[in-house]
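Visitor: Kindly generate the corresponding structure for this input.
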Amino acid sequence: MALTSRQRALLVIGLGGTIGAVSSLLAYGYVQQLLDETRTELSANNRMTSVAVAAHALPWGTVLSGDAVRVVSFPSESVPDGTFPSDDELIGRVLLTPLASQEPILVSKLAPTDVTTGGIAAITHPEKRAMAIKVDDVTAVGGILKSGDHVDVLTTMSRVLNGGESATKLVLGDITVLSTGFDSSSAKEDESLLSGQKVSRTPPTVVTLEVTPHEAERLSLASMEGKVHLALRNPRSATTVTTPGATVSSLFEAQRSDPQRTSETVSRQRRIVRDRPSD
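Guide: Here you go, the predicted model:
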């Protein structure tokens with residue numbers, strides 16, 4: 001039976017409505033799937049993990065207690081390796097390095113679990129010794145030394161050579177500074193150092209160095225028989241050198257052996273002075 005024009009129009013409208021409804025349902029399902037995937041991704045990115053951090057600035061050698069540790073939430077993707085989710089395993093542990101406020105406490109910054117005594121003993125290498133020497137603001141590199149620095153040790157002795165001549169010799173190289181007399185007593189000063197802020201300090205009178213037993217003997221003799229100076233090393237320098245030492249006469253030997261170079265140096269200095277513009 002042939003459809004009338006009215007019936008054909010209604011059929012077309014019905015088919016169009018059905019196709020539109022199906023398309024809408026498919027589009028809605030696709031959009032919902034995208035939204036679900038987005039929510040899952042956002043939830044994963046915003047997942048938080050509990051991390052134990054320093055409640056305030058803590059100097060090295062600190063024996064951790066409940067008021068020194070707090071637990072905060074960190075984005076899971078930003079949590080470094082070696083953290084602790086609570087303070088359960090931290091109470092009684094000893095810090096090997098200073099920590100800034102809110103800094104995560106890592107297992108690499110803690111002494112072994114069998115070390116329960118804080119202070120210098122906790123951070124001294126098992127095969128080395130902590131030895132203190134007297135210094136002043138000059139011999140201790142202007143008072144800028146801090147724990148963790150590496151230094152060379154020089155000593156100047158009077159009338160030790162034939163003829164009663166004084167001499168200076170580098171006796172120890174690449175020695176670790178354990179303490180400078182003030183940096184283990186004030187957490188506030190440690191926090192200032194870690195944050196790069198300027199802090200007024202009194203130059204240390206004692207510096208504690210980490211040495212082997214043999215180095216301890218040399219250091220003791222050098223400090224008792226002469227005047228010890230410390231030379232600060234670049235932290236990236238790992239080489240040690242052997243020097244012949246210096247005497248009063250050796251300071252001028254190079255100039256005596258090359259008088260022409262000495263004359264050229266003096267002439268150049270005179271030209272610089274002569275060519276300098278007047279005020």
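
Visitor: Shouldn't F74 be within a strand?
Guide: Yes: with DSSP: H, G, I helix; E, B strand; the rest coil as the criterion, F74 is part of a strand.

Visitor: Contact partners for it?
Guide: F74 makes contact with 48-51, 83, 104 under the criterion Cβ atoms under 8 Å, 6 or more residues apart in numbering. Bear in mind the C-beta positions are built from the backbone N, C-alpha and C, glycine included.

Visitor: Closest to G118 out of these?
Guide: Proximity of those to G118 (Cβ to Cβ) peaks at P104, which lies at 20.1 Å.

Visitor: Who are the contact partners of the closest one?
Guide: When the contact criterion is Cβ under 8 Å, 6+ apart, the partners of P104 are 51-53, 74, 79-80, 83.

Visitor: For the closest residue to I123 other than its chain neighbours, which residues are in contact?
Guide: If you skip the residues right next to it in sequence, I123 has L96 as its closest partner in space, 5.2 Å away by Cβ to Cβ, 6 or more residues apart in numbering. Applying Cβ under 8 Å, 6+ apart, one finds that L96 lies in contact with 60, 109-111, 122-123.

Visitor: and the gap between L96 and T124?
Guide: Distance, L96 to T124, by Cβ to Cβ, to the nearest Å: 10 Å.

Visitor: Ramachandran angles for M48?
Guide: In this entry, M48 is assigned phi and psi values of phi -110, psi 150 (degrees, to the nearest 10).

Visitor: in terms of contact, does it touch S78 like I think?
Guide: No: with contacts counted by Cβ atoms under 8 Å, M48 stays clear of S78, the gap being 9.9 Å.

Visitor: show me where pLDDT drops low in the stretch 101-250 of the chain?
Guide: 160-163, 182-204 (pLDDT under 70).

Visitor: Which residue ranges of it form strands?
Guide: Counting by DSSP state E, counting those that start in this stretch, the stretch 101-250 of the chain forms strands over residues 129-134, 150-157, 167-179, 206-211, 227-232, 246-247, given from the N-terminal end onward.

Visitor: Helices of the stretch 151-279 of the chain, residue ranges please.
Guide: Defined through DSSP state H, counting those that start in this stretch, the helices belonging to the stretch 151-279 of the chain, from first to last, are 187-195, 213-225, 250-257, 259-275.

Visitor: tell me the contacts of the closest residue to P235 other than its chain neighbours?
Guide: Beyond its immediate neighbours in the sequence, the residue positioned closest to P235 (Cβ to Cβ, 6+ apart) is H150, lying 6.7 Å away. For H150, the contact set (Cβ under 8 Å, 6+ apart) comprises 174-177, 232-233, 235, 237.

Visitor: Quick check: the two most widely separated of these?
Guide: Farthest pair in the contacts of H150, by Cβ to Cβ: V177 and S237, 14.6 Å.

Visitor: Tell me which of those two has more neighbours.
Guide: Legend: neighbour count by other Cβ atoms under 10 Å for V177 and S237, higher for V177 (22 against 11).

Visitor: Could you pick out the longest helix of the protein?
Guide: Identified as the longest helix of the chain according to DSSP state H is helix 5-45.

Visitor: how far out from the middle of the chain is it?
Guide: What separates the centre of helix 5-45 from the centre of its chain is 59 Å, taken as Cα atoms, centre = their mean, to the nearest Å.

Visitor: next SSE after that helix?
Guide: The helix or strand immediately downstream of helix 5-45 is strand 48-54, counting by DSSP states H and E.

Visitor: ok, back up a step: report the separation between the residue nearest to P235 and L232.
Guide: According to Cβ to Cβ, H150 and L232 sit 8 Å apart.

Visitor: hang on, the earlier thing: quick one, which of the strands of the stretch 101-250 of the chain is nearest to G66?
Guide: Ranking the strands of the stretch 101-250 of the chain by proximity to G66 (Cβ to Cβ) places strand 167-179 first, at 26.1 Å.

Visitor: for the closest one, which positions count as buried?
Guide: Residues of strand 167-179 classed as buried under the neighbour-count rule (16 or more other Cβ atoms under 10 Å) are 167-173, 175-179.

Visitor: State the pair within the residues you listed that is farthest apart.
Guide: A167 and S179 (29.5 Å).

Visitor: Mind putting the strands of the stretch 101-250 of the chain into CSV with distance to L10?
Guide: Listed next are the strands of the stretch 101-250 of the chain as CSV, based on distance: least, Cβ to Cβ, whole Å:
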stretch, distance to L10
strand 129-134, 99
strand 150-157, 93
strand 167-179, 94
strand 206-211, 97
strand 227-232, 96
strand 246-247, 112
